[in-house]
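Participant: Compute the structure for the input listed below.
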Amino acid sequence: SMQKLIDNLRLSHKFLLVGALTLAMLAVPMGLVLSTGLASLSRSAAALAGVAPAVTVAQQIQLMQQHRGQSANLLSGKEEARAPREALQARSLEAMQAELAAVQTFGNAAITTRGKKVQDDWSQLTQDVGKGAIDTAASFRRHSALIDEQIEIIQALVDASGLALLPQASGHYLVVAALDYLPRLSESLGQARAAGVALLNGGQSNPAEQAHLGALIEAARIHARHTQSALALAMADSKHAQQVLAAPAASATKAADEAFQMVTQKVVEAQTPDMRTAQYIPKITAQIDAQIDLLRKAMQVMSDDVAGRTSELRRMLVLTTVAAGALALFAFWIMLLVSRSTTRSAERALVMAKRIAAGDLRAEKIVAGKDEMGQMLMALGAMNESLRGIVGSVRKSSDSIATGASEVAAGSLDLSQRTEEQAANLEQTAASMEELSGAVRSNADMAREAAQLAGAASEVAARGGQVVGEVVTTMADIKTASRRIGDIIGVI
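Facilitator: Numbers count the residues shown, from 1 in each chain. Coordinates of the predicted model:
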């Protein structure tokens, strides 16, 4: 059984077993702490890995939106928009390469495939616009579809990297604001820019297009409110976010409000839209750029926050590991001291017990602690001294007994000699008794013969007695007769 196994273990092995069990008990919670900490570090690293490609896609969206506006300007008859559009085409294709490289670095095959598809479709779209192979409506539709796909890629990056699952409230709300609401806000304004350019270049009101443009502005207002709410929550949770984002958020909000007001007054509600596109495009572009600038800064704050918390967590894990290691070493050292002290006392007690069992009762100086093993060692020493005293007393008694035994032996020898003399006398007495026994036997034989003679005499005497009795009877009868005769004579 387990109890028998433990009973058979040496004391040092028992301490080793206890130490191993203690180490295991310490290792389990430490393993859980380290596992949890490392998992948090891994999640933070994955989240940070998703920031760069997400921001790169957002910047590419910005260029795609600008290209959509210049394409609408060019396709609606403004030849002076060709050079800006071509410059945007070159920049966007270069940025698309950077986006694809960032997505590939992130390492998600599905997202990489979607990025390649967007790159191919974007290259084809820019070529079609450059050739004039599509009209304004088709250009708007295809641009918007690709930008929507880019926004979906951002959401896929957020989900795959775990950015949406950041435990800190500030980080979560910054991700929501920067990678969800702000891209949608900028896209609503970007679509309003392209639709507004088409209306302004037409030079006349179009109720359907103006209603569509008004719906875009209303959607943009909703996204702006969501963005402001999320940023407010983030800044309320983080002083760093408050310090860095308060001014850019206010500027972006102001720019968005100005964009809403400009598009509403100059295009949506205008009886005859007469604002020049050369004024309209730069103004709304600057207002959209303010949103993208806020997006970049929000993501930077979030990255700094996550990196700071990651560094703090890493430092905590290192300190915890070092502290646990130091504690384990200290515990091991203490256990080693206790083991040495206990086993040393036990070994000394065992040696002393064996020495005492072998009859060696020499005095020994004992230095021991005050614990149970030390007390047992001291007790063994006291027992050794007591046994030495007892053995000394026994030795003295043995000497006395030996002296008495010698005297008894001498007396016994004297007694033996006297006994031998008595035995000789007894032998002589026995011989005399033998002679006496022979005489007695002779006397007995004579006595038997005398008894026989006495018996015969007795018989004769008996017969004589009988005769005498008869004589006495006869004499009595004679006496009686004589008395009668006398009586008769007297009578006569």
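
Participant: Contact partners for residue 68?
Facilitator: By CB atoms under 8 Å, 6 or more residues apart in numbering, the contact set of residue 68 is 139, 140, 143, 144, 147, 190, 191, 193, 194. Just so you know, the C-beta spots here come from the backbone N, C-alpha and C atoms, and that holds for glycine as well.

Participant: Going by distance to residue 284, which of those wins?
Facilitator: Relative to residue 284, the closest of the contacts of residue 68 is residue 193; by CB to CB it sits at 4.7 Å.

Participant: so the closest one makes contact with residue 64?
Facilitator: No. Assessed by CB atoms under 8 Å, residue 193 is found out of contact with residue 64, at 12.0 Å.

Participant: who has more neighbours, those two?
Facilitator: Between residue 193 and residue 64, residue 193 has the larger neighbour count (other CB atoms under 10 Å), namely 30 against 25.

Participant: contacting residues around that one?
Facilitator: Here residue 193 is in contact with 65, 68, 69, 280, 281, 284, 285, 288 (CB under 8 Å, 6+ apart).

Participant: Which of those sits closest to residue 235?
Facilitator: Nearest to residue 235 among the contacts of residue 193: residue 288, at 22.5 Å, using CB to CB.

Participant: contacting residues for that closest one?
Facilitator: So residue 288 contacts 62, 65, 186, 189, 190, 193, 259 (CB under 8 Å, 6+ apart).

Participant: next one: the helix or strand it falls within to chain centre, how far?
Facilitator: Using DSSP states H and E, residue 288 maps to helix 277-357. On the basis of CA atoms, centre = their mean, to the nearest Å, helix 277-357 sits 17 Å off its chain's mean C-alpha point.

Participant: for the closest residue to residue 139 other than its chain neighbours, phi and psi?
Facilitator: Leaving aside its sequence neighbours, residue 139 sits nearest to residue 71 (CB to CB, 6 or more residues apart in numbering; 4.9 Å). Per-residue torsions, residue 71: phi -60, psi -40 (degrees, to the nearest 10).

Participant: wait, residue 71 sits on residue 85?
Facilitator: Yes. Here residue 71 reaches residue 85: they are 5.8 Å apart, a contact under CB under 8 Å.

Participant: Pull up the overlap in contacts between those two.
Facilitator: With CB under 8 Å, 6+ apart, residue 71 and residue 85 have common neighbours residue 129.

Participant: Same drill for these two, tell me which one is more crowded.
Facilitator: residue 71 (27 against 23).

Participant: The closest residue to residue 362 other than its chain neighbours: neighbour count?
Facilitator: Spatial nearest neighbour of residue 362, chain neighbours left out: residue 355 (7.8 Å); criterion: CB to CB, 6+ apart. A count of nearby residues for residue 355, using other CB under 10 Å, gives 15.

Participant: Same question for residue 380.
Facilitator: 21.

Participant: now swap in the one 4 residues further on and tell me
Facilitator: Neighbour count of residue 384, defined by other CB under 10 Å: 20.

Participant: Let me know the helix or strand that residue 77 is in.
Facilitator: For residue 77, there is no enclosing helix or strand under DSSP H and E.

Participant: circling back to that earlier point, can you pick the most crowded of the contacts of residue 193?
Facilitator: residue 69 (30 neighbours).

Participant: got the contact list for it?
Facilitator: Residue 69 neighbours (CB under 8 Å, 6+ apart): 190, 193, 194, 197, 281, 284, 285.

Participant: so how many other residues sit close to residue 343?
Facilitator: The burial count for residue 343: 17, using other CB under 10 Å.

Participant: what separates it from residue 12, distance-wise?
Facilitator: 5 Å (CB to CB, to the nearest Å).

Participant: do the same with residue 180
Facilitator: Taking CB to CB, one finds residue 180 at 65 Å from residue 12.

Participant: Check residue 188 too.
Facilitator: For residue 188 relative to residue 12 (CB to CB), the value is 77 Å.

Participant: ok, the two, which is more surrounded?
Facilitator: A direct count of neighbours by other CB under 10 Å for residue 188 and residue 12 places residue 188 higher, at 23 against 14.

Participant: Look up the closest residue to the more buried one, ignoring the ones flanking it.
Facilitator: residue 220 (3.6 Å).

Participant: unless I'm mixing things up, that neighbour is touching residue 183, no?
Facilitator: No. Assessed by CB under 8 Å, residue 220 is found out of contact with residue 183, at 11.9 Å.

Participant: What pLDDT is listed against the residue nearest to residue 362?
Facilitator: Residue 355 carries a pLDDT value of 76.

Participant: got it, and residue 237?
Facilitator: Per-residue confidence (pLDDT) for residue 237: 92.

Participant: Equivalent analysis for residue 402, please.
Facilitator: pLDDT, residue 402: 71.

Participant: Next one: it from residue 413, what distance?
Facilitator: 16 Å.

Participant: Just the helices from the protein, written as ranges.
Facilitator: Using DSSP state H, the helices of the chain run over 2-7, 11-75, 82-106, 109-131, 136-161, 169-176, 182-202, 207-237, 239-263, 277-357, 372-491.

Participant: what residues are up against residue 43?
Facilitator: 162, 165.

Participant: rerun that using 6 Å as the cut-off
Facilitator: Residue 43 makes contact with residue 162 under the criterion CB atoms under 6 Å, 6 or more residues apart in numbering.

Participant: Kindly report the same for residue 188.
Facilitator: Counted by CB under 6 Å, 6+ apart, residue 188 has contacts 216, 219, 220, 223.

Participant: Kindly recompute the last result at 8 Å.
Facilitator: Residue 188 makes contact with 216, 217, 219, 220, 223 under the criterion CB under 8 Å, 6+ apart.

Participant: for residue 169, same thing?
Facilitator: Taking CB under 8 Å, 6+ apart, one finds 233, 234, 237 in contact with residue 169.

Participant: neighbour-wise, which of these leads?
Facilitator: Neighbour max across these (other CB under 10 Å) = residue 234, 28 neighbours.

Participant: Quick check, it in contact with residue 177.
Facilitator: Yes. The pair residue 234 and residue 177 passes the contact test of CB under 8 Å, sitting 6.7 Å apart.

Participant: Now the common contact residues for those two.
Facilitator: residue 298.

Participant: ok so, going back, so for residue 271, which of the helices of the chain sits nearest?
Facilitator: Going by CB to CB, the one of the helices of the chain nearest residue 271 is helix 207-237, 10.2 Å.

Participant: What is the closest one packed up against?
Facilitator: Helix 207-237 is packed against helix 169-176, helix 182-202, helix 239-263, with contacts defined by 3 or more CB pairs under 8 Å, 6 or more residues apart in numbering; DSSP states H and E.

Participant: the inter-axis angle of that helix versus helix 169-176?
Facilitator: 160 degrees (axes from the mean of the first three to the mean of the last three CA atoms, to 10 degrees).

Participant: buried residues in helix 207-237?
Facilitator: Under the neighbour-count criterion of 16 or more other CB atoms under 10 Å, helix 207-237 has 209-210, 212-214, 216-217, 219-221, 223-224, 226-228, 230-231, 233-235, 237 buried.

Participant: Does residue 92 touch residue 70 like I think?
Facilitator: No. Using CB under 8 Å, residue 92 is not in contact with residue 70, being 10.6 Å away.

Participant: Compare neighbour counts for these two and give me the winner.
Facilitator: Set side by side, residue 92 and residue 70 show more neighbours around residue 70, with 26 against 23, by other CB under 10 Å.
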